[in-house]
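Engineer: Predicted model follows, preceded by the sequence.
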Amino acid sequence: MAVPSPAFLDESAYGQFTAWPTSRGWNSSTHLARINFGHGDENAYVKLIFTDAFPALANEAIGWQLAHACNIPAASRAAIMIGSAEFWRETLGSLPSGCPTTGDIPAWCIASCATLDQHTWINMDNDAAVTMLLKCPRGQQIAAFGTWLHHPDQHPGNLLRIGSNDWAIIDHELLFNGVLGNWRKPPARRDFSTPPFLLKHLDSLVARSRISHKVDSDIRSAMIHYASQHITAIGKAMPYLADVLEKVEPPATAKSVLPLIVDRAWNFWMPSTVNKLA
């Protein structure tokens, strides 16, 4: 089965602004809108990508495409929309701080997922939420995925509750440590000092006796099991992912992340990583 690729759209695919979400995170441009991904207008989340410091747009595509390749629930459709600064200013009322005020600005768009009581999930005590996640198969698969792609921001707010013990994943801007682990840098200069969120939280839960050593061992074994599927997933996704990267990244860096993803997908990498002492 082919791995989906984001559509490339212009301003004409933007139907209308519909609402600001309850929480927009650090990117104040995040909003809900009606977007035509090629199948008629549908509800979507849209956010402007205006950071030059790290490859946020490429990271979003990497996370979304590899989630589909791993059969992890994610938005059914995604798109990269190019709009002028004037268009976005008129649509949103103002541009976020640090955003260019002239020229074209890309936006990452994803179709909305039908969720359960998301408010209750994201407002749970963080320990309780992460413990619930890590004790179920989907959560263990997501933890392996976030560790593979070194996701330091995979907190409960970026996990959409779509069923009993089932979640869809969103918001991949900070893969590979965001600014610190910018994969555009030569390998010797990449900084992975900030650990993946879920693996770090697992270490903390064990250290504070919130999770027993037996349960911890079971979770790590499950993560290794799910990681064994990553090399197959990257094999399926590679041609589609490489094509998108060549469109959104400068030629010199378009393929620089692919060896990093592949190296971390081999069977020895995850056991070595998750079995390290905190």
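Structural biologist: Sure, I can see it.
Engineer: Would you map out the domains in this structure?
Structural biologist: Residue ranges for the domains of the chain, per automatic domain parsing: 7-111, 118-274.
Engineer: can you list those domains in CSV and add mean pLDDT and mean neighbour count?
Structural biologist: For the C-beta atoms, the positions are set from N, CA and C on the backbone; glycine is no exception. Formatted as CSV, the domains of the chain follow (pLDDT from 0 to 100; neighbours: other CB atoms under 10 Å):
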stretch, mean pLDDT, mean neighbour count
domain 7-111, 95, 18
domain 118-274, 94, 18
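Engineer: that's a strand at Asn43, yeah?
Structural biologist: Yes - when DSSP: H, G, I helix; E, B strand; the rest coil is applied, Asn43 is found to be in a strand.
Engineer: Run through the bridge partners of it.
Structural biologist: Under the criterion DSSP bridges, Asn43 forms beta bridges with Arg34.
Engineer: Just to check, it is in contact with Ala111?
Structural biologist: Yes - with contact defined as CB atoms under 8 Å, Asn43 reaches Ala111; the gap is 7.2 Å.
Engineer: what's stretch 160-173 in contact with?
Structural biologist: Contacts to stretch 160-173, defined as CB atoms under 8 Å, 6 or more residues apart in numbering, come from residues 25, 27, 45, 49, 51, 54, 56, 59-60, 62-64, 67, 72-75, 110, 113-118, 121, 132-133, 136-139, 142, 145, 149, 151, 153-154, 158-159.
Engineer: Which secondary structure element is home to Asp4?
Structural biologist: Careful, residue 4 is Pro and not Asp. Taking DSSP states H and E as the definition, Pro4 sits outside all helices and strands.
Engineer: Excluding sequence neighbours, find me the nearest residue to it.
Structural biologist: Distance criterion CB to CB, 6 or more residues apart in numbering; nearest residue to Pro4, sequence neighbours excluded, is His68 at 5.6 Å.
Engineer: State the distance from Ser97 to Arg34.
Structural biologist: Here the criterion is CB to CB, to the nearest Å. By it, Ser97 lies 26 Å from Arg34.
Engineer: And Lys185, by the same measure?
Structural biologist: 39 Å.
Engineer: What of Thr115?
Structural biologist: Distance from Thr115 to Arg34, by CB to CB: 18 Å.
Engineer: cool, and Asp41?
Structural biologist: 4 Å.
Engineer: Pull up the overlap in contacts between the two.
Structural biologist: In contact with both Asp41 and Arg34: Gly15, using CB under 8 Å, 6+ apart.
Engineer: what helices or strands is the helix or strand harbouring Gly235 leaning on?
Structural biologist: Using DSSP H and E, Gly235 falls within helix 230-248. Other helices and strands packing on helix 230-248, by 3 or more CB pairs under 8 Å, 6 or more residues apart in numbering; DSSP states H and E, are helix 56-69, helix 137-148, helix 258-263.
Engineer: Make a markdown table from those and add distance to Gln16 to it.
Structural biologist: Shown next, in a markdown table, are these (distance: least, CB to CB, whole Å):
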| stretch | distance to Gln16 |
| --- | --- |
| helix 56-69 | 23 |
| helix 137-148 | 33 |
| helix 258-263 | 37 |
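Engineer: out of these, which comes closest to Met223?
Structural biologist: Met223 lies closest, by CB to CB, to one member of the helices and strands packed on helix 230-248: helix 137-148, at 4.1 Å.
Engineer: what are the pairing partners of the next helix or strand after that closest one, and which direction each?
Structural biologist: Where DSSP H and E defines the elements, the next helix or strand beyond helix 137-148 is strand 159-163. Using DSSP bridges, strand 159-163 pairs in its sheet with strand 166-169 (antiparallel).
Engineer: where's the strand it pairs with relative to the chain centroid, distance-wise?
Structural biologist: With CA atoms, centre = their mean, to the nearest Å as the basis, strand 166-169 stands 11 Å off its chain's centre.
Engineer: Tell me which residues are up against stretch 245-261.
Structural biologist: 8, 55, 57-58, 61-62, 66, 80, 106, 148-149, 176, 183-184, 187, 234, 238, 241-242.
Engineer: gap between the two ends of that stretch?
Structural biologist: Its start and end residues considered, stretch 245-261 measures 13 Å (CA to CA, to the nearest Å).
Engineer: Name all residues that make contact with the closest residue to Trp266 other than its chain neighbours.
Structural biologist: Closest residue to Trp266 apart from its sequence neighbours, by CB to CB, 6+ apart: Ile231 at 6.3 Å. Neighbour list for Ile231: 262, 265-267 [criterion: CB under 8 Å, 6+ apart].
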